[in-house]
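A.B. asks: Curious how this folds, go ahead:
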Amino acid sequence: MEPQRQPRATMTDLIERVMDKGVVVKLDLIIGMAGIPLIGISLHAAIAAIETMLQYGMMEDWDSRTRAVENGEAEWRQLALRPGEQIQAELYGSYHDTEGIWRAWRPGRLLLTDERLLLIRPVPRQTLFAAQVSAIAGVGRIQRENIAGGRRDITCLALEDGTLAALYTAEADVLEAWLTDRLRRLGRTVTELSAADVGSLGFDAAAGQLWHRWLPADGQAQWKSGWAVLTADELTWRADVGPGVLLRAPLAQIGNLTVERRDLGDLGVRDVLVVRHGAGGRQAEALFTGENVAAWAEAIRRVAHPEEGDRDA
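C.D. replies: So this is what the prediction gives:
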């Protein structure tokens, strides 16, 4: 084949050719030194629109998998809806679940329909939250700060039965605008909730990953990775793998807090949060390490001993 130059060819012509007919690139390259072949490179590539690929029998497995996933998505959407109910918008979000003793944000997909507000977890399929739009009596937004210092806007809903619900989505403006519009169309007066109105939701003051020096009943003390949660009543910690809550320290029993530099062996030299707690003359030390232990100390002190203000540990 003789190389040809098309001076009038443009990028548009190239894109049109790729999308319509496709382009096949074949390259055989040998890299050598002093006349001795050392490395061989053989490249075969086809570039075309998906429709063209499928016409030539290429990427059929990918197409089948994609269609199966889409059919599954459509199936769970339909199972979550009532007959005649139409989806108006779909957002990623999470719901603050306060049922039971373990409060947590549970992620899923927010479906905004012409009748209801739903939060669905696709796998395993579960409806995490559902509310009739006409049953929403108030809408508000508050900011919560996590232990890393970041802030999130939380959308709070007051329902007609007197319960409160908290939802998080990165598109809070879209969610609140949609709810406000739907309520007004229904002739409902939209009540704007304040921070005081949502004070009973029971948000965690702080939550995050921390290593804890855990002493099993029949073994040697060891550092384990887990999840710490600080509420208005207590500090709890549970391991990533293992049974339930392994440490529970009521805030009323937490005394001195310090952040100390210690050598933790395999974990190296780290800042360690020392929490001294107990009652009835019996005191114990709970040791934690990880990211932002100083911020954890400040958060615990702020919640457990608000009268001390922001005094350093």
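A.B. asks: centroid residue for the protein?
C.D. replies: Nearest to the geometric centre of the chain sits residue 107, at 6.5 Å (Cα atoms, centre = their mean).
A.B. asks: Show the backbone phi and psi for that one.
C.D. replies: Per-residue torsions, residue 107: phi -80, psi 160 (degrees, to the nearest 10).
A.B. asks: And residue 84, by the same measure?
C.D. replies: Here is the backbone geometry of residue 84 (degrees, to the nearest 10): phi 90, psi -10.
A.B. asks: Over to the one 4 residues further on?
C.D. replies: Summarising the backbone geometry of residue 88 under the convention degrees, to the nearest 10, its torsions are phi -100, psi -30.
A.B. asks: gap between it and residue 182?
C.D. replies: According to Cβ to Cβ, to the nearest Å, residue 88 and residue 182 sit 8 Å apart. Yep, even glycine has a C-beta here, placed from its N, CA and C like the rest.
A.B. asks: list residues touching both of these two?
C.D. replies: Applying Cβ atoms under 8 Å, 6 or more residues apart in numbering, one finds that residue 88 and residue 182 are jointly contacted by residue 114.
A.B. asks: which one of the two has more residues nearby?
C.D. replies: Each of residue 88 and residue 182 has its neighbours counted (other Cβ atoms under 10 Å); residue 182 has more, 20 against 13.
A.B. asks: List of residues touching the helix or strand harbouring the more buried one?
C.D. replies: Here residue 182 is covered by helix 172-185, with elements defined by DSSP states H and E. Helix 172-185 is touched from outside by 88-89, 91, 93, 110, 112, 114, 117, 133, 136, 139, 141, 153, 155, 157, 167, 169, 189-190, with contacts defined as Cβ under 8 Å, 6+ apart.
A.B. asks: Tell me which strands whichever helix or strand comes after it pairs with, and in which orientation.
C.D. replies: Next helix or strand after helix 172-185 toward the C-terminus (DSSP H and E): strand 191-192. Under the criterion DSSP bridges, strand 191-192 sits next to strand 136-145 (parallel) in its sheet.
A.B. asks: by how many degrees do the partner strand and helix 172-185 diverge?
C.D. replies: Computed by axes from the mean of the first three to the mean of the last three Cα atoms, to 10 degrees, the angle separating strand 136-145 from helix 172-185 equals 170 degrees.
A.B. asks: what pLDDT, on average, does strand 136-145 get?
C.D. replies: Averaged over strand 136-145, pLDDT sits at 80.
A.B. asks: Repeat that for stretch 273-289.
C.D. replies: For stretch 273-289, the mean per-residue pLDDT is 88.
A.B. asks: buried set for it?
C.D. replies: 273, 274, 275, 277, 286, 287, 288, 289 (16 or more other Cβ atoms under 10 Å).
A.B. asks: Ok, stretch 84-91 next?
C.D. replies: Buried positions in stretch 84-91, judged by neighbour count with 16+ other Cβ under 10 Å: residue 91.
A.B. asks: before we move on, what about stretch 286-303?
C.D. replies: The neighbour-count criterion (16+ other Cβ under 10 Å) identifies 286-290, 292-293, 295-301, 303 as the buried residues of stretch 286-303.
A.B. asks: So which residues of this structure form helices?
C.D. replies: 11-20, 50-55, 60-80, 172-185, 293-304 (DSSP state H).
A.B. asks: Residue 90 touches residue 108, doesn't it?
C.D. replies: No: in this structure, residue 90 is not within contact of residue 108 by Cβ atoms under 8 Å, at 10.9 Å.
A.B. asks: where are the low-confidence patches of the chain?
C.D. replies: 1-7, 9, 69-79, 98-104, 144-151, 195-206, 242-243, 305-313 (pLDDT under 70).
A.B. asks: domain parsing for this structure?
C.D. replies: 11-58, 85-201, 206-308 (automatic domain parsing).
A.B. asks: Next, format these as JSON lines and append distance to residue 64.
C.D. replies: Formatted as JSON lines, these follow (distance: least, Cβ to Cβ, whole Å):
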{"stretch": "domain 11-58", "distance to residue 64": "10"}
{"stretch": "domain 85-201", "distance to residue 64": "19"}
{"stretch": "domain 206-308", "distance to residue 64": "36"}
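A.B. asks: Looking at those domains, which is nearest to residue 68?
C.D. replies: Of all the domains of the chain, it is domain 85-201 that lies closest to residue 68, at 13.7 Å by Cβ to Cβ.
A.B. asks: and that closest one, how far from the chain's centre?
C.D. replies: Distance, stretch centre to chain centre, for domain 85-201: 16 Å (Cα atoms, centre = their mean, to the nearest Å).
A.B. asks: burial measure for residue 261, as a count.
C.D. replies: Residues lying near residue 261 (other Cβ under 10 Å) number 8.
A.B. asks: quick one: contacts for it?
C.D. replies: Counting by Cβ under 8 Å, 6+ apart, residue 261 has contacts 269, 270, 271, 272.
A.B. asks: can you count the residues close to the last one?
C.D. replies: The burial metric for residue 272, expressed as a neighbour count using other Cβ under 10 Å, is 20.
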